[in-house]
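Undergrad: From the sequence below, what's the structure:
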Amino acid sequence: MNVLMEFAIFPTDKGISVSEYVSKVVQMVRESGYEYRLTAMGTIVETPDMKAATDILYEAQQILEPHASRIYCTATFDIKKSEGGRLAKKINSIESKIGKVSQ
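TA: Numbering: from 1, shown residues only. Presented below is the predicted three-dimensional model:
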């Protein structure tokens, strides 16, 4: 099994810029050893199963909880019975087709 999870999590009571808090979560994802991509709107992480994906969400909440009275979180999942490497494969598949589409 393979899970791609895109998520965003941040405190809602820390003003207009929350990068200080989001960076703590991204550091945890980096240290998890799972492949990930940081985007302007969230983080995409590839895990071997759903438990590992939800463990990341739980750990992110635990990181932010001491700093915030309210936390916002959204997550989407792509769960597939396949081997890993889909994060890179999906991007490469699209990029290989750019310019080949008739307009």
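Undergrad: For residue 86, give me its contacts.
TA: For residue 86, the set of contacting residues under the criterion of C-beta atoms under 8 Å, 6 or more residues apart in numbering consists of 2, 4, 46, 78, 80. Just so you know, the C-beta spots here come from the backbone N, C-alpha and C atoms, and that holds for glycine as well.
Undergrad: Which ones among these map onto strands?
TA: Assigned to strands by DSSP state E, the following of those qualify: 2, 4, 46, 78, 80.
Undergrad: Tell me where this protein has strands.
TA: Taking DSSP E as the criterion, the chain carries its strands at 2-11, 36-38, 43-47, 71-80.
Undergrad: how about those strands, which one is nearest residue 25?
TA: Of all those, the one in closest proximity to residue 25, counting by C-beta to C-beta, is strand 2-11 (6.0 Å).
Undergrad: which of the contacts of residue 86 has the most neighbours?
TA: Tallying neighbours with other C-beta atoms under 10 Å puts residue 46 at the head of those, with 21 neighbours.
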